[in-house]
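In: Provided below for reference: sequence and predicted model.
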Amino acid sequence: MPSFDFSSEADLNALKNAIDVTRRQIEARYDFKGTSAKVEFNEKDKIITLHGDSDFQLGQIKDLLFPAMEKKEKESVKRLDHQDIQKISGNKVKQDLKIKIGIESELAKKMVKMIKDAKLKVQATIQGDTVRVSGAKRDDLQACIALVTKTMTDYPIKSGNFRD
C-alpha cells in the first residue's frame, strides 16, 4: 500500500548561511557602526538571538535576516516563534527567535481531521512529529498532497518519504 509522510524540517545549513549573510551586512552598514547590533545562532537549542540598541534597530536587523532566510529556504520565516523583546544592561535590547521543527500535535490533529473530512480514500495517522498518509492509489495520495498544500499556508509543510 503506497504511503508518504507530511513533515516540517528546517534546513539548518541554509539557515546558517542566511545568518552569516546577515552578519556581513550588519558589519558593512554604516548606521550599525559602533552599536551592539549582532545576530547569534544557538544550533543546539535552535534559537536565533538578535541584539541591538533599540526596538527600531531590532526591526532593521529582521529586515536584513528575513529576506536572506526566504532566499535560502522558502517559507522559513513562518517557522520562527518570536519571543518577547528583553531589556538588557542599560538601553540595550535582545529578542530570541525559536525555530519550530516538526509538526505540533494540534496542527497534526487539524491535518488528519481535514483529510478525513475531504472524504479521500486515504488513512492519515500521527506518528511523532509527522503525519503518515497511506492509500490504495497514487492518485488519492496526490489529491491529499494537493489538498494539504493548498489549505495549510500558515506553516511550512513538506511531503516526502514516498513508499510504494
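Out: That came through fine. Numbering: from 1, shown residues only.

In: so the nearest residue to His82 once chain neighbours are set aside, which state does it fall into?
Out: Excluding the flanking residues, the one nearest His82 by CB to CB, 6 or more residues apart in numbering is Leu97, at 5.9 Å. No exception for glycine: its C-beta is placed from N, CA and C like everyone else's. Of the three states, Leu97 takes strand under DSSP: H, G, I helix; E, B strand; the rest coil.

In: who's in contact with Leu97?
Out: Taking CB atoms under 8 Å, 6 or more residues apart in numbering, we find Leu97 in contact with 47-50, 80-83.

In: which of those count as buried?
Out: Neighbour counting over these (16 or more other CB atoms under 10 Å) leaves 48-50, 80 as the buried ones.

In: now intersect those residues with the strands, please.
Out: 48-50, 80 (DSSP state E).

In: can I get those residues in CSV with distance to Lys38 and pLDDT?
Out: Listed next are those as CSV, based on distance: CB to CB, whole Å; pLDDT from 0 to 100:
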residue, distance to Lys38, pLDDT
Ile48, 11, 93
Thr49, 9, 94
Leu50, 8, 93
Leu80, 18, 89
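
In: okay then, goodbye and thanks.
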